[in-house]
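got a structure for you, letters missing:
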Ligand SMILES: Cc1cc2nc3c(=O)[nH]c(=O)nc-3n(C[C@H](O)[C@H](O)[C@H](O)COP(=O)(O)OP(=O)(O)OC[C@H]3O[C@@H](n4cnc5c(N)ncnc54)[C@H](O)[C@@H]3O)c2cc1C
Ligand SMILES: Cc1cc2nc3c(=O)[nH]c(=O)nc-3n(C[C@H](O)[C@H](O)[C@H](O)COP(=O)(O)O)c2cc1C
Ligand code: SF4
C-alpha cells in the first residue's frame, strides 16, 4: 500500500480524493458518512450570505446523457448553492471538523461581489476551524443571474479583486474555483494568482442542455413545461477539464500554482491523469452521485496499486509528470510515422475498422472474401481511427524505424522535424 | 387422477395440471423493454454483418437492433417483417446458435452472442400486438396464384404476392393452416396459439383466400392441371408429409408411431393432462423432431425417455442447444446405437439395439446389443415427400428447383422442405416462399 497522504497548501488529508462542493457535501449527515467511507476531504456545499437562503426548484434538477446500458456519461444540474441557513451549515461544519481532525474540510463560499459581504462571512467560517476556503466563481446557472458565480468567474478583474479581499480578511488558504465557460482558462487563473490565491480548482460545470423532450418540446430537466441551461459534469467533461488543468500548469505565468483537479473523475485512473497534468489532488462529485461514497475505496486501492507498480512513494511524484510532454501542435514531430496493424488472431471480424476507414478516412483497409481485414500501408495515414472504433482492441500502431520507407509517401523516415521548420509553412519559408 | 410417473403402461394424467402448465410454458419468454435495451446495446453494428449473411431471409439485423437501442422497436419490427413476414415465428424457433447468433462476432470475443432471436421476438411481438396489419396491398392486378400448402413457405409466398396486388388462394390438406408451425414445432416454443395468431395477422393483408381440407391429388379435390387451369401461376409448398420407415420386423406393432404424429396430436390437444403417454418411451432418431418428441414426452410425465441415435452426438442434426434442452429435461441420449429388433406381443414391450461403429464403408453394426423397455416408440428418422404430381421432376425424394424456385414445369414454382433447396428450417422455407413470390411477380408482370 503506497503512501497516499496529501498535503495541499499545508492542508493534510489521508488521500488526495476530496468530495467537491455539491450534493454529496450538502450536510453533516453526508459528510460524516463520506469520511467513514474513506474520503480524504470535502469541500462543503457552497455557503451563501446570512439571511433567507436561496430556494431550489421543486421539480427535477438533473439532466443526463447515457452510454450503453444506461451508464451515466454526463450529468447536468440546475441546482443552486445551499438552500439551508448559514448558521446551520456553520454549526455542522464545526461539529464534523471536531470529530474528523485528520480530514480536510474546506468551506465553499459565494456571496455578492461586495467587500462587506466577504468581510462579514470570513470570520464566521474561520470559527468552524475549516482548513480553507474555496471561492465559487463557477456556477453557470441561477447564481450568475444575480451577479455571482460564473458572472464573477468570467471577469478576471473581479476574480482578482475578490481574491484579494479574501486574502486580506482571512488567514485561511484561499482556493479559487474556476468556471470553464470562458474562452481562455489561463486569464482567470492568472487573475486569481495576481489576487494572491493559494491555489485554483477546476473545472466547475459547463453550460449545457443535455436533452430535449420531443413530446413536449422543452429542454430537460423540465420544470412545468420549461427548461433552462444547467451545468454539465461527469465523465463526459473530463477531456475538457484535463486540457484546462494542463493549460494552467504549463502557462509560465501560473506554473507552480497548486491545482485541485475537478471534472469527471470517476476512477483512480482519471485521478492519476489529473495529477499527471499538474493537479495536486482531485475533487469528485458525479461519480459519488452515481455510485455512492464507496467508490473511493477503488480510487484508493487503484492509485496505490499503480504507485507501487511504478515505484512512486508519494502522490507528489505523479503530480505534473506529464506537463513537460504537453506541448503545442506546432512542436509535434511531423517525421514520426506509424502504420496501423491488425492482429488477425484477436480480430473478431466485425469490420468496424473497415467501415470507418473506408467511409470516413483514407480507404486504407482491405477486406478479403472471408473477412480477413488488413491494412494497406501505402494508404494508411496513421490517423488511428480504426484503433478507436475496434471493440476488442486488436489494432495497434507500429512505429516505423528511422530510415524505413513510408509506403504511402515513398520517403524514408527522417529525424525530428516540426511545423515551425516545415517547407510548407509560409512563416518558416519567410524566415529563410 | 391416481396416475403418476411410475404408473406402468400408457396412461393419461401422469402429472398435475399445474405441473403440466409449468412444463409447457414459454421456453424463452419475451424480453422486457429494459432487457431488450441492455441486449441491444451489445450490438457492434458490424460492417457487412456476418449475422445478416447467416440469416436465410437476410434480415438487416444490425439495423433492427440499432432501432431497438434507439427506442423505436416498431421500426425494428418492420425491418424484420420487410425481409421475413414470419419473423415472429422465426424468432421463436430458429436454431439461432447455428444461424445469426452462431455468426455473431461476439461469439469470438466472449463466447456470448448478441441475443438476436430474443431481440427479434421483442420487436415483432410489439408490432403484432398492435392488431392492425402494417402492410397495405397494392392495387389489384387481376392475376391469380394458387399456393399449395399453408406452411411457412406457402404463407410467405402468399403474403408477398398479395402485397403486390395478386389474388392468392392457399390450399391445405389439413383442417388448419400453418403447416409445421401449427403441427410440428415444439409447443413450448410457440405458446398461446401463436402459430394460428400469426396466420390470422398475416391474412389481414387481404387478397388471400384460405381453403382447408383440400389435398392436391386427392380424388374429389383436384390435381395440378386443374389448379393450373384456374390460375396464372402455382407455388408448391407442401413440405414433407410422409415419414421414413424403420424397415424392421414388428414395426407394425402397436404404439410404434412416427414422432411427427405424436407431436401433431400434442400440439392440437386441448387438455394435455388427457393425453396418454408411456412410462418408458424410446425415440429413434437424432434430429429436431426426435428431440422435440422426447422432450415433450418427458414434460408430459413419462418416467424414462431415451433418444437412441445411430451416430455420435456431434453428428446429430439437432443443434447442441437442442440437445442441451433434452438433457436438462432429463432425457437420456444414447449415441452409436441402431434398432435391431422389436419385441412384444401385439404392442411393443422392448426394443433391442446394437451398437454401431464407423467403418470404411460407413456405419457398421457390432455384436454388442442392449434392450430398452418401451411402452411407446416414436420414430423420427426423416420425413419424405408425399405423393407428387408426376409432371414435376422429383429427384432423391425432393422437387428440383432453380435458384428462383422454378420447377421443371412451366408456371409452377416450389419452395420449402419439399424441395432440394429446403433445409428443414422454418426460416429457409420463408425465404424460398418469398423469393419465389418475387419471381412469380416478375413473370406475371411480363406476361
Ligand atoms: C417436429 C418438428 C420440429 C421442428 N422444429 C423446428 C424448429 O424448432 N425450428 C425450425 O426452424 N424448424 C423446425 N422444424 C422444421 C420446420 O418446421 C420446417 O422446415 C418448415 O415447417 C417447412 O415449411 P414448409 O412450408 O416447407 O412445409 P410445412 O410446414 O410442412 O407445410 C406444408 C403444408 O403443406 C400441406 N400439404 C402437404 N401436402 C399437401 C397436399 N398434397 N395438398 C395440400 N396441402 C398439402 C401440409 O398440410 C402443410 O400444412 C421442425 C420440424 C418438425 C417436424
Ligand atoms: C476529426 C474531426 C475534425 C473536425 N474538423 C472540423 C473542421 O475542419 N471544421 C469544423 O467546422 N468542424 C470540425 N469538426 C467539428 C465537427 O464539425 C462537429 O462540430 C463536432 O465534432 C461536434 O459534433 P459531434 O460531436 O456531434 O459529432 C471536426 C470534428 C472531428 C471529429
Ligand atoms: S490508421 Fe486511419 S488511415 Fe490507417 S488504417 Fe486505421 S483508419 Fe485507416
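Perfect, thanks for sending it. None of these values were measured; they are calculated from a predicted model. Ligands and ions are numbered 1, 2, ... in the order given.

could you confirm residue B:325 falls within a helix?
Yes: under DSSP: H, G, I helix; E, B strand; the rest coil, residue B:325 sits within a helix.

gap between it and residue A:262?
54 Å (C-beta to C-beta, to the nearest Å). Placement of C-beta: from N, CA and C, glycine included.

so between these two, which is more surrounded?
Taking other C-beta atoms under 10 Å in any protein chain shown, residue B:325 and residue A:262 do not tie; residue A:262 has more neighbours (33 against 19).

ignoring the adjacent residues along the chain, who's closest to that one?
Distance criterion C-beta to C-beta, 6 or more residues apart in numbering or on different chains; nearest residue to residue A:262, sequence neighbours excluded, is residue A:283 at 4.3 Å.

ok, that neighbour - contacts?
A:18-21, A:43, A:201, A:260-262, A:265 (C-beta atoms under 8 Å, 6 or more residues apart in numbering or on different chains).

cutoff 6 Å now
By C-beta atoms under 6 Å, 6 or more residues apart in numbering or on different chains, the contact list for residue A:283 reads A:18, A:20, A:260, A:262.

same thing with residue B:55?
Shown in contact with residue B:55 (C-beta under 6 Å, 6+ apart): residue B:100.

swap the cut-off to 10 Å and go again
Residues in contact with residue B:55 (C-beta atoms under 10 Å, 6 or more residues apart in numbering or on different chains) are B:49, B:61, B:80, B:83-84, B:90, B:94, B:96, B:99-100, B:103, B:116, B:120, B:427, B:431.

burial check on the residue of the stretch 301-432 of chain A found nearest chain B, number of neighbours?
Residue nearest to chain B within the stretch 301-432 of chain A (C-beta to the nearest C-beta): residue A:351, separated by 3.1 Å. If you count neighbours by other C-beta under 10 Å, residue A:351 ends up with 22.

now it: closest residue in space, sequence neighbours ignored.
residue B:47 (3.1 Å).

what's the neighbour count on the one you found?
21.

now it: how far from residue B:195?
Taking C-beta to C-beta, one finds residue B:47 at 36 Å from residue B:195.

state the mean pLDDT of the biggest helix by length in chain B.
Secondary structure of chain B per DSSP state H: the longest helix is helix B:426-446. For helix B:426-446, mean pLDDT is 96.

what is it packed up against?
With contacts defined as 3 or more C-beta pairs under 10 Å, 6 or more residues apart in numbering or on different chains; DSSP states H and E, the packing partners of helix B:426-446 are helix B:73-83, helix B:87-93, strand B:144-148, helix B:152-163, helix B:180-183, strand B:233-236, strand B:412-414.

low-scoring pLDDT stretches of the stretch 51-200 of chain B, where are they?
Applying pLDDT under 70 to the stretch 51-200 of chain B flags no residue at all.

report the closest residue of it relative to ligand 1.
Of all residues in the stretch 51-200 of chain B, residue B:151 sits closest to ligand 1, at 2.1 Å by C-beta to the nearest ligand atom.

now the stretch 201-350 of chain B
For the stretch 201-350 of chain B, C-beta to the nearest ligand atom, closest residue to ligand 1: residue B:239, 2.1 Å.

from chain A, how far out is that residue?
As judged by C-beta to the nearest C-beta, to the nearest Å, residue B:239 and chain A stand 34 Å apart.

now do the SS call for that residue.
What three-state DSSP gives for residue B:239 is coil.

the residue of the stretch 301-432 of chain A closest to chain B against residue A:366, yeah?
No: using C-beta atoms under 10 Å as the test, residue A:351 is too far from residue A:366 to be in contact (11.6 Å).

joint contacts of these two?
Common contact partners of residue A:351 and residue A:366 (C-beta under 10 Å, 6+ apart): A:358, A:373.

wouldn't the residue of the stretch 51-200 of chain B closest to ligand 1 be in contact with residue B:417 here?
Yes: counting by C-beta under 10 Å, residue B:417 is a contact partner of residue B:151 at 7.7 Å.

next one: residue A:429, what pLDDT does it get?
Confidence score, pLDDT, at residue A:429: 58.

ditto for residue B:388
72.
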